[in-house]
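>>> Take this sequence and fold it.
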Amino acid sequence: MEKYFAAAPTDAPMDRVYIACITLSAFKGRRHVEAHLFRYGADAAELAALLDKDLVGPPDPDVPQEILQGATREAALRSILEAFTLEECKALVAYLEQRYADHIEKVTVCPLEMPVPLGVAPLSNIPEGKSTGFIRFDKAPDYSLPFTVWAFYDLDIHEPLMTE
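Residues are numbered from 1 along each chain as shown. Down below sits the predicted model:
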């Protein structure tokens with residue numbers, strides 16, 4: 001299992017700035033499936049602690065206005081709450097290595113760019129569909145992390161294991 005880690009800048013506005021991604025060698029009939037890991041289940045107190053911080057910037061000018069309709073500062077802040085602290089990342093990578101090393105090709109950890117643009121939404125808000133969904137690591141037997149980790153995947157963007 002390859003591991004890539006990019007440290008957060010020393011002037012990061014908070015500790016919860018790391019995002020993570022895994023590449024699974026095979027998953028649900030597809031190969032090299034990328035799944036975006038996130039911390040699931042932030043509570044209202046965590047959100048309230050971010051409200052007075054300047055963590056949400058203007059929308060990305062390349063995003064069409066129809067996509068930005070309904071975008072909220074709260075949604076952008078909730079996306080930040082899905083990030084991990086350095087300690088959580090270390091524990092997460094150790095857990096994945098110990099438990100799933102034979103199934104994971106690569107783990108990438110990098111800092112979230114701050115401020116996040118208005119219009120960013122939490123991964124947990126994405127609806128599950130025919131080819132999209134969540135890996136709920138916390139439902140696995142003997143899950144040992146003190147925080148809940150889910151991963152979002154989209155099978156449509158990955159090649160099938162076998163040609164149809």
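>>> Point out where this protein drops to low pLDDT.
163-164 (pLDDT under 70).
>>> at 90 what do you get?
Low-confidence segments of the chain (pLDDT under 90): 28-31, 60-72, 156-164.
>>> Name all residues that make contact with Leu155.
Phe27, Lys28, Gly29, Arg30, Val33, Ser131, Thr132 (C-beta atoms under 8 Å, 6 or more residues apart in numbering). Using the backbone N, CA and C atoms, a C-beta is placed for each residue, glycine as well.
>>> For it, grab phi and psi.
Note on Leu155: its backbone torsions stand at phi -70, psi -30 [degrees, to the nearest 10].
>>> ditto for Glu74
Dihedral angles (degrees, to the nearest 10) for Glu74: phi -60, psi -40.
>>> Please, which helix or strand holds the nearest residue in space to it that is not next to it in sequence?
Excluding the flanking residues, the one nearest Glu74 by C-beta to C-beta, 6 or more residues apart in numbering is Leu47, at 6.9 Å. Assigned by DSSP states H and E, Leu47 belongs to helix 44-50.
>>> got the contact list for stretch 3-10?
Val17, Tyr18, Leu86, Cys89, Val93, Glu97, Lys106, Val107, Thr108, Val109, Cys110, Pro111.
>>> can you rerun that using 6 Å?
With C-beta atoms under 6 Å, 6 or more residues apart in numbering as the contact definition, stretch 3-10 has outside contacts at Val17, Val107, Thr108, Val109, Cys110, Pro111.
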